[in-house]
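S.K.: with the input below, show me the fold.
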Amino acid sequence: MAVLRSLAHEENATISKKPCRPLGLWRGLYRRLLAAAAAALFSAPLAMASGEHKIFELGDFALEGGAVLPEAKLSYVTHGEFQGNNAILVPSAYLGDHHGFDFLIETGLALDPEQYFIVATDMFQNGLSSSPSNTPPPFDGPNFPAVSIRDNIAAGYRLLTEELGVTHIKAVIGFSMGAQQAFQWAVSHPDFVDKVVGIAGSAVEYPHGAIRLEGFKAAIKADQTFAQGRYTTPPTIGLKAGGTHWASWGTSQEWFRQRLHTQLGLQSPEDMITFMQNLVLSWDANDLIGLANTWQANDIGATPGFSGDATKALGSIKAEVLYMPAATDMYFHIDALTAEAGLIPHVRLAVIPTLWGHMAGLGLSPEDATFINDEVSAFLEK
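M.R.: So this is what the prediction gives:
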């Protein structure tokens, strides 16, 4: 998920660098998360993604499933200046947008805009790029066609090459569904990408994760107001139920036992429920379900030319890969991700030593943010 200290894997190595920013200075997705906490505690309004993003017009965009999305749009922002060989792509994650890596985008940190040209993109269906919530008939709401991870890569490739004049990128860095995209970039465009960083995400969605997501979708759909996606007012009961689902999955058991919720400004463990409910309530239900469908269907083995063989696809990766699972992640389990990393030729496995579970990839904990910053900095500089 686009929104944490157990034993580190023996291959972990941290390098002392500048500390990351304190929690109060994080922007974007962090504003959204913290606004959810504020709403939970003080009934404050939610902060949404700002209007800083730009729109790349894709025209009639052919999707992998066969549908053609008319007048498709891709939302993005850039940081820094393009100098020919310094482009880095950071795709968005679930429940996130182009602000997802703001905690690393600052002078002196891993994604230094004085050194790199950073392009942050929004996935289809996240409400900023073409989505069920912003597309006119006949592809509005539940009629929006299925989107694959590879569709997002195809759109991003066009943005980089046609709009921004980029012919080669230094790295793709992604968290969660952004990591799914990062791995797919390495397989779909093996000679276009030098380095890949996948944080708390996998190249294949395994059965347990797909079933968990089905539970989230079912919570939303159970609301009578949802009306099979043809709602006229938001299905708030279903969205709140969906938020309740996320509340226990995003971190870890020890995160709750050790009362780390207080680092989010929450007074009790139960406040995490309202925190996540308000975050989910800030999204459109059809957008959330569409993104979940894309997540569930992720399989790098389905890339043309690999006949469903994910092992072969991972073995084809030419890029250097920094594979960063979170030690306590309950979405993308450490065992599955360690096994995946072992199939990639040029890989460094660096397990985030955290109690924040999947949410470690958001850098909400200063320790996690520093670990990620140091690993990514060293990897990009090699």
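
S.K.: residues contacting the residue positioned nearest the centre of the chain?
M.R.: Among the residues of the chain, the one closest to the centroid is residue 93, at 1.7 Å (Cα atoms, centre = their mean). Residues near residue 93 by Cβ atoms under 8 Å, 6 or more residues apart in numbering: 1-2, 100, 174-178, 201, 361. Using the backbone N, CA and C atoms, a C-beta is placed for each residue, glycine as well.

S.K.: again, 6 Å this time
M.R.: Shown in contact with residue 93 (Cβ atoms under 6 Å, 6 or more residues apart in numbering): 2, 100, 175-178.

S.K.: which one (most neighbours) among those?
M.R.: Within the contacts of residue 93, most neighbours by other Cβ atoms under 10 Å means residue 175, with 34 neighbours.

S.K.: okay, and the residue nearest to the centre of the chain sits in which element?
M.R.: Residue 93 belongs to no helix or strand when elements are defined using DSSP states H and E.

S.K.: and it, how far is that from residue 382?
M.R.: Noted for residue 93: a distance of 25 Å to residue 382, by Cβ to Cβ, to the nearest Å.

S.K.: list the buried residues of stretch 132-148.
M.R.: Buried positions in stretch 132-148, judged by neighbour count with 16 or more other Cβ atoms under 10 Å: 132-133, 135, 139-142, 144-145, 147-148.

S.K.: what sits up against stretch 342-350?
M.R.: Counting by Cβ under 6 Å, 6+ apart, 11-12, 311, 314-315, 317, 320-324, 341, 375 sit against stretch 342-350.

S.K.: quick check, distance from whichever strand or helix holds residue 274 to the centre of its chain.
M.R.: According to DSSP H and E, residue 274 maps onto helix 271-281. Helix 271-281 sits 18 Å away from the centroid of its parent chain (Cα atoms, centre = their mean, to the nearest Å).

S.K.: for that helix, enumerate the helices and strands it packs against.
M.R.: helix 29-42, helix 236-249 (3 or more Cβ pairs under 6 Å, 6 or more residues apart in numbering; DSSP states H and E).

S.K.: mean pLDDT lowest for which of those helices?
M.R.: Comparing mean pLDDT over the helices and strands packed on helix 271-281, the weakest stretch is helix 29-42, at a mean of 44.

S.K.: what's the first helix or strand after that helix?
M.R.: Scanning forward in sequence from helix 29-42 by DSSP H and E, the next helix or strand is strand 54-62.

S.K.: kindly export that next one (C-alpha atoms) in PDB.
M.R.: What follows is strand 54-62, C-alpha atoms only, in PDB (Å, rounded to 0.1, in the frame of the first residue of the first chain):
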ATOM      1  CA  LYS A  54       0.500  18.100 -15.400                       C
ATOM      2  CA  ILE A  55      -1.500  16.100 -17.800                       C
ATOM      3  CA  PHE A  56       0.000  14.200 -20.800                       C
ATOM      4  CA  GLU A  57      -2.700  13.600 -23.500                       C
ATOM      5  CA  LEU A  58      -2.300  10.000 -24.700                       C
ATOM      6  CA  GLY A  59      -5.200  10.200 -27.200                       C
ATOM      7  CA  ASP A  60      -6.900   6.900 -28.000                       C
ATOM      8  CA  PHE A  61      -5.000   4.500 -25.900                       C
ATOM      9  CA  ALA A  62      -5.000   0.700 -26.700                       C
END
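
S.K.: wait, isn't residue 124 in contact with residue 134?
M.R.: No: between residue 124 and residue 134 there is no contact, the gap being 10.7 Å when judged by Cβ atoms under 6 Å.

S.K.: next, the buried residues of the strand ranked longest in the chain.
M.R.: The longest strand of the chain (DSSP state E) is strand 68-79. Within strand 68-79, the residues that qualify as buried are 69, 72-79, counting by 16+ other Cβ under 10 Å.

S.K.: show me where pLDDT drops low in the protein?
M.R.: Residue ranges of the chain with pLDDT under 70: 1-51.

S.K.: check contacts around residue 247.
M.R.: For residue 247, the contact set (Cβ under 6 Å, 6+ apart) comprises 272-273, 276.

S.K.: output those residues as TSV; include the columns distance to residue 197.
M.R.: Below are these laid out as TSV (distance: Cβ to Cβ, whole Å):
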residue	distance to residue 197
272	28
273	32
276	26
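
S.K.: going by distance to residue 64, which of the residues you listed wins?
M.R.: residue 276 (31.3 Å; Cβ to Cβ).

S.K.: my guess is the closest one meets residue 243, correct?
M.R.: Yes: at 4.2 Å, residue 276 counts as touching residue 243 under the criterion of Cβ under 6 Å.

S.K.: how about residue 62: what's its closest non-neighbour residue?
M.R.: In space, residue 62 comes closest to residue 68 once its chain neighbours are excluded; the distance is 5.3 Å by Cβ to Cβ, 6 or more residues apart in numbering.

S.K.: do the same with residue 76
M.R.: Counting by Cβ to Cβ, 6+ apart, residue 76 lies nearest to residue 121, which is 4.6 Å off, once chain neighbours are set aside.

S.K.: can you check residue 161 too?
M.R.: Of all residues not flanking residue 161 in the chain, residue 167 sits nearest, at 6.7 Å (Cβ to Cβ, 6+ apart).

S.K.: and the closest residue to residue 81 other than its chain neighbours, backbone torsions?
M.R.: With Cβ to Cβ, 6+ apart as the criterion, residue 81 has its nearest non-adjacent residue at 6.1 Å, and that residue is residue 117. Here the main-chain torsion angles of residue 117 (degrees, to the nearest 10) amount to phi -100, psi 110.

S.K.: beta partners for residue 117?
M.R.: residue 87 (DSSP bridges).

S.K.: what about the helices in the stretch 251-382 of the chain?
M.R.: 253-257, 271-281, 285-296, 310-315, 334-341, 366-381 (DSSP state H, counting those that start in this stretch).
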